[in-house]
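Enquirer: Quick one: sequence plus predicted model below, questions after.
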Amino acid sequence: MPTIKTRFAPSPTGDLHIGGLRTALYNYLFAKKNNGKFILRIEDTDRARFKEGSVETILTGLKWVGIKADGKIVYQSSRTDIYKKYAEQLTAENKAYRCFCSVEILNKIREEQVKKGNPAKYDRRCLELSKEEIEEKIKKNNPYVVRLIIPDGKTKFKDLIRENVEFNNKEIDDQVLLKSDGYPTYHLANVIDDHLMKISHVIRAEEWLPSTPKHIILYEYFGWKPPEFAHIPMVLAPDKSKLSKRHGAMGVLEFKNQGYLPEAIINFLAFLGWNPGDNREIFSMQELIEEFSIDKVQKGGAIFNMEKLNWINGQYIRRLDTDKLVELCIPYLKKTKLITTKINKEYVEKIVVLQKDRLKKVSDIIEFSDFFFKEKMEYDKDLLKWKNMDDRELKNILEKISEIFSGVPEKDFTKEKLEPILKSEAAKVGDNGKVFWPLRVALSGKKASPGPLEIAEILGKEMCTRRLKMAIKQI
RNA sequence: GGCCCCAUCGUCUAGCCUGGUCCAGGACACCACGCUUUCAAUGUGGUAACUCGGGUUCAAAUCCCGAUGGGGCUACCA
């Protein structure tokens, strides 16, 4: 059996986004599942759209999620001679021709075709040019492109996901292969490279399906065996359109910055269009490699569902070692200047343990735990009141708690020791909420937080006493 | 406009190939209850879908045709 070889071929026009990452993932999973190779090729043939730094972004993104490419990275921009040579070969064999038409003329032709209800195709007027005319134009340095001659007939191919697909060649435009700047278009470079690099399976997004016949024709012209094709469904925005920046689609590194875990992203993305056929939901990369199969890939597009990503991410956060989670949390706390002096790892660790179950993403640690680091609490005094408590009752209870706290020695200032005392106090007023709610708000300043005694233990006696005092002063 | 692809709960999906076991299963979200001092986590339960219309068949979510809807492509972008 020939070696399985797939590739991810992004163009460096911006961030690596979710859709692209999933394409990379499926290629990677398929290759690894079949003991094959997965390679990375940078399709940087569009000089106008090239964005500085995006190759680095793509590379760090892939590295972050654990997708490793085999072999060297190929840059198409360094291979223009190869593409040019093949374009010339096609031209010499009358499988392609030079076209000198201007963009204006081209647009006009297309417009007229559409008006007539025809496919928007070029009318091949440059195919009529005589040898002399062509030579003269070249001599005069007239810019030209090289176009593929689409033959008559039909082009059929078998897609691994969509089965048989058929196009009538009449509908297909004479594709530009070589641009007037000497760079190849995707179609030419892609086919040549896939062949030269012995790619066995082309797994790419569905948006490429309509141009596949052009590629097949190219393979035929060159006398090469085409690879297998698998056109995977697209990742959609909530409005079902192609996911783009317009929808606030984030780059992979932005997910990283927000505190999503790479394992969660991978797990989530794998399930966007694929699933193992049973009820399991949580999969590691290794498990995905073992289970992945291209024929279980969905045909229809999948909407990117942030809620589910959050859930999966929460699952992974809960499974993380506390040490590791502490390491991940610290940069966020630092960045927001919540940690100003030196880091007290022990202190942060206690907080992280407390918040672990609550985090959807690591960055949540900031808004969930800011009160552990702040001196001043800011909250509405009415928040201190449990149900229909009045000022007087509230003041009494806070003073009572304060009194109780002062009677507890510092070493006994733990949840374990404090709980029975406060519970018995609560029993006197007949409602746990009357004691615990005001205390919790006084300590955290929030309407939602971990339990007051867990907080108290971490904050320590002195700080708790101060916060109670501040609360009482407000009433 | 032309061509292509697709179509199961709000979302991701199982089931479809090999029709009956499906008054359609799971997950997220949502709702309720339990735990409980709030939030979370967790447990239990619940609401919720085969786009429509024709065939084929004893029987169709599953096969066929059509309609409708959605998406993509239609660049000297990828």
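Expert: Okay, I see it.
Enquirer: Could you use CA atoms for every contact and neighbour count after this?
Expert: Fine.
Enquirer: For the stretch 301-450 of chain A, which segments count as helices?
Expert: Remark: helices assigned in the stretch 301-450 of chain A by DSSP state H, counting those that start in this stretch are A:306-319, A:322-335, A:345-355, A:364-369, A:391-406, A:415-429, A:432-444.
Enquirer: So, low pLDDT: which residues of chain A?
Expert: With pLDDT under 70 as the threshold, chain A has low-confidence stretches at A:1, A:248-249.
Enquirer: Could you spell out which stretches of it belong to which domain?
Expert: A:5-72+A:235-307, A:78-185, A:321-372, A:381-474 (automatic domain parsing).
Enquirer: Out of those, which gets nearest to residue A:195?
Expert: In terms of CA to CA, the element of the domains of chain A nearest to residue A:195 is domain A:5-72+A:235-307, at 11.0 Å.
Enquirer: can you pull out the helices in the stretch 51-200 of chain A?
Expert: Going by DSSP H, counting those that start in this stretch, the stretch 51-200 of chain A shows helices at A:54-65, A:80-92, A:103-115, A:131-139, A:186-196.
Enquirer: any chance of those in a markdown table, with mean neighbour count and distance to residue A:406 too?
Expert: What follows is the helices of the stretch 51-200 of chain A, written out as a markdown table (neighbours: other CA atoms under 10 Å; distance: least, CA to CA, whole Å):
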| stretch | mean neighbour count | distance to residue A:406 |
| --- | --- | --- |
| helix A:54-65 | 18 | 50 |
| helix A:80-92 | 17 | 79 |
| helix A:103-115 | 13 | 84 |
| helix A:131-139 | 12 | 95 |
| helix A:186-196 | 19 | 75 |
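Enquirer: Please tabulate these in CSV, including the columns distance to RNA strand B.
Expert: Below are those laid out as CSV (distance: least, CA to the nearest atom of the strand, whole Å):
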stretch, distance to RNA strand B
helix A:54-65, 13
helix A:80-92, 12
helix A:103-115, 5
helix A:131-139, 13
helix A:186-196, 4
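Enquirer: Out of the ones you listed, the one nearest residue A:391 is which?
Expert: That would be helix A:54-65 among the helices of the stretch 51-200 of chain A, by CA to CA, at 53.5 Å.
Enquirer: which residues sit against that closest one?
Expert: A:12-16, A:21, A:42, A:68, A:252-253, A:262-263, A:265-266 (CA atoms under 8 Å, 6 or more residues apart in numbering).
Enquirer: Tell me the buried residues within the residues you listed.
Expert: Among the contacts of helix A:54-65, those classed as buried by 16 or more other CA atoms under 10 Å are A:12-16, A:21, A:42, A:252-253, A:262-263, A:265-266.
Enquirer: Identify the residues contacting residue A:14.
Expert: Contacts of residue A:14 by CA under 8 Å, 6+ apart are A:50, A:51, A:54.
Enquirer: who's in contact with the nearest residue to residue A:233 once chain neighbours are set aside?
Expert: Closest residue in space to residue A:233, ignoring its immediate chain neighbours: residue A:301 at 4.7 Å, by CA to CA, 6 or more residues apart in numbering. For residue A:301, the contact set (CA under 8 Å, 6+ apart) comprises A:233, A:234, A:235, A:236, A:273.
Enquirer: Could you rerun that using 10 Å?
Expert: A:206, A:232, A:233, A:234, A:235, A:236, A:237, A:240, A:241, A:242, A:272, A:273 (CA atoms under 10 Å, 6 or more residues apart in numbering).
Enquirer: what's the answer for residue A:374, then?
Expert: A:338, A:339, A:444.
Enquirer: Surely the last one touches residue A:456?
Expert: This means residue A:444. Yes - the pair residue A:444 / residue A:456 is scored as a contact, 9.4 Å apart, by CA atoms under 10 Å.
Enquirer: quick revisit: mark which of the contacts of residue A:301 are buried, thanks.
Expert: Looks like the contacts of residue A:301 have A:206, A:232, A:233, A:234, A:235, A:236, A:237, A:242, A:272, A:273 buried, using 16+ other CA under 10 Å.
Enquirer: thinking again about what came up before, would JSON lines of the helices of the stretch 301-450 of chain A with mean neighbour count and distance to residue A:282 be doable?
Expert: Putting the helices of the stretch 301-450 of chain A into JSON lines (neighbours: other CA under 10 Å; distance: least, CA to CA, whole Å) gives the following:
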{"stretch": "helix A:306-319", "mean neighbour count": "18", "distance to residue A:282": "8"}
{"stretch": "helix A:322-335", "mean neighbour count": "16", "distance to residue A:282": "19"}
{"stretch": "helix A:345-355", "mean neighbour count": "17", "distance to residue A:282": "22"}
{"stretch": "helix A:364-369", "mean neighbour count": "17", "distance to residue A:282": "22"}
{"stretch": "helix A:391-406", "mean neighbour count": "16", "distance to residue A:282": "45"}
{"stretch": "helix A:415-429", "mean neighbour count": "15", "distance to residue A:282": "34"}
{"stretch": "helix A:432-444", "mean neighbour count": "23", "distance to residue A:282": "34"}
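Enquirer: Generate TSV for those helices, with distance to residue A:76 as supplementary columns.
Expert: Listed next are those as TSV, based on distance: least, CA to CA, whole Å:
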stretch	distance to residue A:76
helix A:306-319	34
helix A:322-335	37
helix A:345-355	47
helix A:364-369	41
helix A:391-406	71
helix A:415-429	63
helix A:432-444	57
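Enquirer: would you list those in a markdown table and tack on distance to RNA strand B?
Expert: A markdown table is the format used below for these (distance: least, CA to the nearest atom of the strand, whole Å):
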| stretch | distance to RNA strand B |
| --- | --- |
| helix A:306-319 | 3 |
| helix A:322-335 | 15 |
| helix A:345-355 | 7 |
| helix A:364-369 | 9 |
| helix A:391-406 | 14 |
| helix A:415-429 | 8 |
| helix A:432-444 | 4 |
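Enquirer: wait, what's in contact with the residue of chain A most remote from its centre?
Expert: Each residue of chain A has a distance to the centre, and by CA atoms, centre = their mean the biggest one is for residue A:428: 54.5 Å. Counting by CA under 10 Å, 6+ apart, residue A:428 touches residue A:422.
Enquirer: In a markdown table, list the contacts of residue A:14 along with distance to residue A:400.
Expert: Listed next are the contacts of residue A:14 as a markdown table, based on distance: CA to CA, whole Å:
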| residue | distance to residue A:400 |
| --- | --- |
| A:50 | 68 |
| A:51 | 64 |
| A:54 | 61 |
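Enquirer: phi, psi of the residue of the stretch 51-200 of chain A found nearest RNA strand B?
Expert: Nearest residue of the stretch 51-200 of chain A to RNA strand B, counting by CA to the nearest atom of the strand: residue A:117, 3.1 Å away. When read as degrees, to the nearest 10, the backbone of residue A:117 gives phi 80, psi 10.
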